[in-house]
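**Student:** predicted structure and sequence below. I'll ask about it afterward.
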Amino acid sequence: MDISNDKTGMLEVGTHCAYCKQLDFLAFHCKYCDKDFCTKHRSQESHHCTELNNEPIDQGKVDIRDKGGAYFESLLPEKGSTRVQQGNEKVKQQLRDTDKDIKPVKEKIKNKSALDKILKFFQKKKSENYKQVSSRKNSSNKVIQLANLKKEAIGDNKIPIANRTYIDCYYVDKGNNDDPKKTSLYTNKTWSIGRLLDYIAIQLKVKNVNNNVNSDESEILYLYKKVEGDQLSFKRLQPSDRISNVIKDLDVLYLVRGEELSL
């Protein structure tokens, strides 16, 4: 900033712009070309700074602009054809997922002989007007039925009485030509179905290789429950389920050996 006396004796305050020569009381100094400029020509572009072309490019700013452009582009709607194509792919995927989850009520099964054996067992009872030997089966009073079942049921004496669930169980093997033998059992309602399967196999003295990773699929045991009110309908019980959630007193279960039945 120049401070000098002119011929009239007055102080001259301010600095002349190196670009337009205009006097500016608040001149700005350019650190690149080492000159002073007025407010109008303070930027490097406005005073055509000689060092402007030599200044390195600020990569950070470029990256930000690029990212900003991509972000702004993502906010714009897709083309109509693109949205339709994406919608079609989504529908196809949903259909594929649905096919995996939904099975026909009575589809072809791998081990048909095991299921046929169960069905023939019930059909024989129906056609011959089968009479139950046990008095509890002749009674319509479930309280009396349960009381009689408790008298017949076998099981582990260590199971607390308060936790016991009383059931009938049949073992069905495709290699056995005789009618399945009924066994009355009590089990622990706090157990999982997987543990129940192992327990039933022990009580019925049935070979169990489910825990052997090298077991053939035809030797695996599955547990089925007769659907109440329908003599010819069965539901496979999942090993992870809890007895208290899927089984109650007087239920009828079937221990089936062979490939999984898809009912």
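**Tutor:** Yes, it's here. Numbers count the residues shown, from 1 in each chain.
**Student:** so what strands line up beside the strand ranked longest in the chain?
**Tutor:** In the chain, assigned by DSSP state E, the strand with the most residues is strand 164-173. In the sheet, strand 164-173 lines up against strand 182-188 (antiparallel), strand 251-257 (parallel) (DSSP bridges).
**Student:** tell me the average confidence for the last one?
**Tutor:** In other words, strand 251-257. Mean per-residue pLDDT for strand 251-257: 90.
**Student:** same thing with stretch 202-210?
**Tutor:** The average of the pLDDT scores along stretch 202-210 is 93.
**Student:** now swap in stretch 145-162 and tell me
**Tutor:** Mean pLDDT, stretch 145-162: 94.
**Student:** buried deepest among the strands paired with strand 164-173, which one?
**Tutor:** With neighbours taken as mean count of other CB atoms under 10 Å, the strands paired with strand 164-173 reach their highest mean count in strand 251-257, at a mean of 22. Yep, even glycine has a C-beta here, placed from its N, CA and C like the rest.
**Student:** now it - C-alpha only, CSV.
**Tutor:** Below are the C-alpha coordinates for strand 251-257, written out as CSV (Å, rounded to 0.1, in the frame of the first residue of the first chain):
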residue,chain,number,x,y,z
ASP,A,251,-51.7,-87.7,19.4
VAL,A,252,-50.6,-90.5,17.1
LEU,A,253,-47.1,-90.5,15.6
TYR,A,254,-45.4,-92.6,13.0
LEU,A,255,-41.7,-93.4,12.9
VAL,A,256,-41.0,-94.0,9.2
ARG,A,257,-37.8,-95.4,7.7
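**Student:** now do the same contact list for residue 253.
**Tutor:** Applying CB atoms under 8 Å, 6 or more residues apart in numbering, we find residue 253 in contact with 167-170, 200, 223-226, 237, 247.
**Student:** got TSV for the strands paired with strand 164-173, with distance to residue 51 too?
**Tutor:** Below are the strands paired with strand 164-173 laid out as TSV (distance: least, CB to CB, whole Å):
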stretch	distance to residue 51
strand 182-188	87
strand 251-257	88
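**Student:** which of those strands sits closest to residue 207?
**Tutor:** Taking CB to CB, strand 251-257 is the member of the strands paired with strand 164-173 nearest to residue 207, at 8.5 Å.
**Student:** low-confidence ranges in the stretch 51-200 of the chain?
**Tutor:** Scanning the stretch 51-200 of the chain for pLDDT under 70 picks out 53-88, 90-92, 94-140, 174-179.
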